[in-house]
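Asker: Turn this into a structure:
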Amino acid sequence: MQENYQVPAVIRALDVLELLSSQKEATFTEIHTSLGIPKSTAYHILGTLTSRGYVRFAGDSSKYSLGLRLVELGTRSSSFIDLRTEALPLLRELVAKTKETCNLGILDNAEGVYIAKLEGSQPIRLNSWEGKRFPLHCTAIGKVLLAWQDEEKWTETLPKLKLVRNTQNTITDVNKLSAQLRLVRKQGWALDDQENEDHVRCLGHPVFSFDGRVLAAISISGLATRFDGKYLLKLTQEMQNTARRLSENLGGSLTA
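Answerer: Down below sits the predicted model:
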């Protein structure tokens, strides 16, 4: 079988779905003219997609929109994806580029859990390992996992946190922590500025699922003396690129 062979009818059907994904809804005329599909072909494609639930009419209008069958398939697909398996190749690339230690963590009630840790080649060994639980208030990953919860969730979670002071930089005031979480959400990433371990800085970034939820967060950790200025900016950009690729692999995006 030729691997590069593509079925024109399938391509056109996928083009219709992608058009509706970008425009949310469109008329029959808009669809066939935008995609350059003959009217008769567009009619049969839309009829088939509608009958199978992949496309539907938007309310009582004559415009087409994506159908709920896609939500069902997306939900099933996401349940089959192993987050750690998807992340490891990208984290290895990130370690190779930065030479720093990289982690993947998830939220578990009022704590975080590392599900992957890859050591960098820099002369530092951090007090973390796969399976270790970590505090949310003083780690970059923890701040990310908290920041993308809604305000109601914050109200529920923050009182449960033990705001233990690990270093002189640790935030132990709930109001200050809330203010920083809003900043994290606004700028799109978090910084642990020697708040969990002395002499260690850590950057954290969210990983999004197809439905806009934060599934996990990735981080880069290293000596505070290196994590500064232009190098800090470079690390942030590399981390964001990795998070974007992982989110896309999971069906999400950084615009979530």
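Asker: helices and strands of this structure: which one bottoms out on pLDDT?
Answerer: helix 68-80 (a mean of 66; mean pLDDT, DSSP states H and E).
Asker: And the next helix or strand past that one?
Answerer: From helix 68-80 onward toward the C-terminus, using DSSP states H and E, the following helix or strand is helix 83-98.
Asker: Now the helix or strand following that next one: buried residues?
Answerer: Where DSSP H and E defines the elements, the next helix or strand beyond helix 83-98 is strand 101-108. Buried residues in strand 101-108, counted by 16 or more other C-beta atoms under 10 Å: 101, 102, 103, 104, 105, 106, 107. (Each C-beta comes from the backbone N, C-alpha and C, glycine too.)
Asker: pLDDT of strand 101-108, averaged?
Answerer: Computed over strand 101-108, the mean pLDDT rounds to 90.
Asker: tell me what it is packed against?
Answerer: The contact analysis (3 or more C-beta pairs under 8 Å, 6 or more residues apart in numbering; DSSP states H and E) places strand 101-108 against helix 83-98, strand 111-118, helix 140-147, strand 214-223.
Asker: and the angle for the third one with strand 101-108?
Answerer: Spelled out, that is helix 140-147. 30 degrees (axes from the mean of the first three to the mean of the last three C-alpha atoms, to 10 degrees).
Asker: same thing with the first one?
Answerer: For helix 83-98 against strand 101-108, the angle between stretch directions is 150 degrees (the same axes, to 10 degrees).
Asker: CA atoms of helix 83-98 as CSV?
Answerer: Taking C-alpha atoms only, helix 83-98 is exported to CSV below (Å, rounded to 0.1, in the frame of the first residue of the first chain):
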residue,chain,number,x,y,z
LEU,A,83,0.2,11.5,29.4
ARG,A,84,3.6,10.3,30.6
THR,A,85,4.3,8.3,27.4
GLU,A,86,3.4,11.3,25.3
ALA,A,87,5.5,13.7,27.4
LEU,A,88,8.8,11.7,27.8
PRO,A,89,10.2,12.2,24.2
LEU,A,90,9.5,16.0,24.4
LEU,A,91,11.0,16.2,27.9
ARG,A,92,14.1,14.4,26.6
GLU,A,93,14.4,17.0,23.9
LEU,A,94,14.0,19.8,26.4
VAL,A,95,16.7,18.3,28.6
ALA,A,96,19.0,18.0,25.6
LYS,A,97,18.5,21.6,24.7
THR,A,98,18.8,23.2,28.1
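Asker: elements contacting it?
Answerer: Taking 3+ C-beta pairs under 8 Å, 6+ apart as contact, the helices and strands that helix 83-98 lies on are strand 101-108, strand 111-118, strand 214-223, helix 229-249.
Asker: Adding distance to residue 28, write these out as CSV.
Answerer: Output for these, formatted as CSV (distance: least, C-beta to C-beta, whole Å):
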stretch, distance to residue 28
strand 101-108, 44
strand 111-118, 47
strand 214-223, 37
helix 229-249, 31
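Asker: closest one to residue 15 among the ones you listed?
Answerer: helix 229-249 (19.4 Å; C-beta to C-beta).
Asker: what about that closest one, average pLDDT?
Answerer: 91.
Asker: what residues does it touch?
Answerer: 81, 86-87, 90-91, 93-94, 97-98, 100, 188-189, 201, 203, 205-209, 218-220, 227, 253-254, 256 (C-beta atoms under 8 Å, 6 or more residues apart in numbering).
Asker: Recalculate using a threshold of 7 Å.
Answerer: With contacts defined as C-beta atoms under 7 Å, 6 or more residues apart in numbering, helix 229-249 is touched by 86-87, 90, 94, 97-98, 189, 203, 205-208, 218, 220, 227, 253-254.
Asker: and what of stretch 114-130?
Answerer: Residues outside stretch 114-130 that contact it (C-beta under 7 Å, 6+ apart): 84, 87-88, 91-92, 95, 98-106, 131-132, 134, 197, 200, 221-223.
Asker: one more time with 10 Å
Answerer: 83-85, 87-88, 91-92, 94-96, 98-106, 113, 131-134, 139, 141, 196-197, 199-200, 202, 216, 218-223, 226 (C-beta atoms under 10 Å, 6 or more residues apart in numbering).
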